[in-house]
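>>> Just a sequence and a predicted model for now, questions to come.
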Amino acid sequence: MRQYSFSGLSKAAIQKLVLRNVDANNNIRGTVEDIISEVKAKGDGALKSFAQKFDGVALDSLFIDKNKIDELAATISPKVKDAINIAYQNIKKFHQTQISKEEKVETTTGVTCWREVRAIEKVGLYIPGGTAVLPSTFLMLGIPAKIAGCKEIVVCSPPQKSGEVNGYLAYVAQLLEIDRIYLVGGAQAVAAMAYGTKSITKVDKIFGPGNQFVTMAKTLVQSTTNTAIDMPAGPSEVLVIADETANPVFVAADLLAQAEHGVDSQSVLVCISQATIDQTQIELEKQLNILPRKEIAAKAMANSYTVLVKDLEEAIDFSNEYAPEHLILATDNWKPITNKIINAGSVFAGNLTPESAGDYASGTNHTLPTSAYARSYSGVSLDSFVKKITFQHISESGIKNLGKTIETLAEIEGLQAHKNAVSVRLT
Ligand SMILES: NC(=O)c1ccc[n+]([C@@H]2O[C@H](COP(=O)([O-])OP(=O)(O)OC[C@H]3O[C@@H](n4cnc5c(N)ncnc54)[C@H](O)[C@@H]3O)[C@@H](O)[C@H]2O)c1
Ligand SMILES: N[C@H](CO)Cc1c[nH]c[nH+]1
Ligand SMILES: [Zn+2]
């Protein structure tokens, strides 16, 4: 990993350092626009052609149904079922705490305002399945969608070489009581869910992470349709803040965990100790060499770096600029610094808290904003699947108490009809 020293970096150099993959994403824009146009024009036919072209699979049917889901789910071992069940329970427990309880407020005597929560009716969940199939992502999206009460849940995931999905995805579908999985991946899946095809319903909001094709397609369709997206959740990234209490073995393992996701992933170590950086480098080499996905992880690590800082405060300053998807506080002294974190998707506090816990089973959601979007977006939660509609009721005393105020404000904006709508009620 390249090393920088925080004290030697100008503000401009820091801004440059925290930028990720912007050019790569712009280069694929044309490709993704073409895929979207093809899906709009040819619908299901285009989806089958793209499955052949990008996934190498000739599909008879674009989806698997409940019978197939049950058959595939029956192939997985009890040990895996138990692990998925524990993850399911923990994720459900955490997301159930997000059910909001709002109060009615009387803002002026006789004027009452409140909000009511409604589920988004039709949602589309994208489950990545290119370089690795991610049943954990299915749990992360499906559980809050079910708790919210979304009526229609469309699920898309790239077909595997078998022309199906794997048994793990099928088992999650069973747990979530979802009876159909579309064998559609990449930008074409996003286009299908945004525009609709003969077999895929157009949805109101698309959720889920994916590679740069998926992320670009989500960004494009949200500006050309009335389908919303959760957030830009692209190539995984992690920033580890470490002090002298950090264990270099753990730090190296955490950096590699996100690097193995994809060649465009990025891992950053911000450390107050040169000795810890050096030991982590040694560990990285040892651990990388025994990884099955070492080619992918090595490429991502070539795109990664360390920053030497003088103290934890400087480390947090850098991290806030970077706005990481995942922030690991590899220090025993994490408690006093959490309130200084301003930009991060999800935080892993303390030396015994691996980022993998949040990826799979602690309960928090792993669908998180990447590429510095943590500056303005939150990760997926129950809130992502609902809308909050505002209501108000004005009584006879209410219109008397607030009427004049509304009339005056309408007058200064020159909107006579607005004023009249109050005046006719006051007479
Ligand atoms: N931010 C998050 O919350 C989060 C969570 C999980 C995973 N991720 C990221 O999701 C990504 C998953 O990527 P993946 O590739 O494994 O799976 P994917 O399902 O996102 O993409 C696979 C699809 O990409 C399309 N594709 C592949 N090559 C193409 C090409 N040359 N042109 C057009 N389309 C092409 C194909 O249709 C294929 O089905 C990784 O980058 C991982 O880091 C992010
Ligand atoms: N780390 C990914 C989010 O960036 C989520 C994931 C799924 N499986 C393993 N990890
Ligand atoms: Zn991960």
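Received, thanks. Ligands and ions are numbered 1, 2, ... in the order given.

>>> contacts and neighbour counts: CA atoms only from here.
OK.

>>> ok, whichever residue of the stretch 251-400 of the chain sits closest to ligand 2 - how many residues close by?
Residue nearest to ligand 2 within the stretch 251-400 of the chain (C-alpha to the nearest ligand atom): residue 359, separated by 4.6 Å. If you count neighbours by other C-alpha atoms under 10 Å, residue 359 ends up with 17.

>>> helix/strand/coil for it?
The three-state label given to residue 359 by DSSP: H, G, I helix; E, B strand; the rest coil is helix.

>>> so what pLDDT did the residue nearest to it when sequence neighbours are not counted get?
Excluding the flanking residues, the one nearest residue 359 by C-alpha to C-alpha, 6 or more residues apart in numbering is residue 366, at 5.1 Å. The confidence metric pLDDT takes the value 97 at residue 366.

>>> Quick check: residue 366 touching residue 379?
Yes: counting by C-alpha atoms under 8 Å, residue 366 touches residue 379, with 7.4 Å between them.

>>> out of those two, which sits in the busier spot?
Neighbour totals were compared for residue 366 and residue 379, and residue 366 leads with 28 against 23 (other C-alpha under 10 Å).

>>> who's in contact with the more buried one?
By C-alpha atoms under 8 Å, 6 or more residues apart in numbering, residue 366 lies in contact with 137, 140, 358-360, 379-380.

>>> And the longest helix along the chain, how far out from the chain middle?
Longest helix in the chain, counting residues (DSSP state H): helix 78-96. Distance of helix 78-96 from the chain centroid (C-alpha atoms, centre = their mean, to the nearest Å) equals 19 Å.

>>> got any ranges where this protein has weak pLDDT?
When residues are selected by pLDDT under 70, those of the chain lie in 21-26.

>>> Quick check: residues of it near ligand 1?
Residues of the chain lying near ligand 1 by C-alpha under 6 Å from any ligand atom: 54-55, 128-132, 158, 185-186, 209-211, 213-214, 233-236, 261-262, 265, 366-370.

>>> if we go to 5 Å?
54, 128-131, 158, 185-186, 209-211, 233-236, 261-262, 367-368 (C-alpha under 5 Å from any ligand atom).

>>> Give the buried subset of these as a ChimeraX selection command.
A single ChimeraX command is used to select the members of the residues of the chain next to ligand 1 judged buried by 16 or more other C-alpha atoms under 10 Å:
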select :128,129,130,158,185,186,209,210,211,233,234,235,236,261,262,367,368
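
>>> Could you verify my assumption that residue 118 touches residue 387?
Yes: counting by C-alpha under 8 Å, residue 118 does reach residue 387; the two are 5.4 Å apart.

>>> any idea how far residue 84 is from the residue of the chain found nearest ligand 2?
Nearest residue of the chain to ligand 2, counting by C-alpha to the nearest ligand atom: residue 236, 3.9 Å away. To residue 84, residue 236 is 22 Å away according to C-alpha to C-alpha, to the nearest Å.

>>> Ok, residue 305 next?
Counting by C-alpha to C-alpha, the gap from residue 305 to residue 84 is 34 Å.

>>> what's the answer for residue 203, then?
Taking C-alpha to C-alpha, one finds residue 203 at 27 Å from residue 84.

>>> Compare those two (neighbour count), which wins?
residue 203 (23 against 20).

>>> Tell me how many other residues crowd residue 354.
Per other C-alpha under 10 Å, the neighbour tally for residue 354 reads 19.

>>> wait, I meant residue 176
Counted with other C-alpha under 10 Å, the neighbours of residue 176 add up to 16.

>>> my guess is it meets residue 147, correct?
No: applying C-alpha under 8 Å as the test, residue 176 and residue 147 come out as separate, 10.2 Å apart.

>>> is it true that the residue of the stretch 251-400 of the chain closest to ligand 2 touches residue 135?
No: counting by C-alpha under 8 Å, residue 359 sits too far from residue 135 to count as a contact (10.8 Å).

>>> Assign a three-state SS to residue 137, would you?
The three-state label given to residue 137 by three-state DSSP is helix.

>>> Quick check: it vs residue 87, distance?
Counting by C-alpha to C-alpha - residue 137 and residue 87 are separated by 11 Å.

>>> wait, what's in contact with the residue lying farthest from the centre of the chain?
Computed with C-alpha atoms, centre = their mean, the residue of the chain farthest from its C-alpha average is residue 427, at 53.2 Å. Listed by C-alpha under 8 Å, 6+ apart, the contact set of residue 427 is empty.
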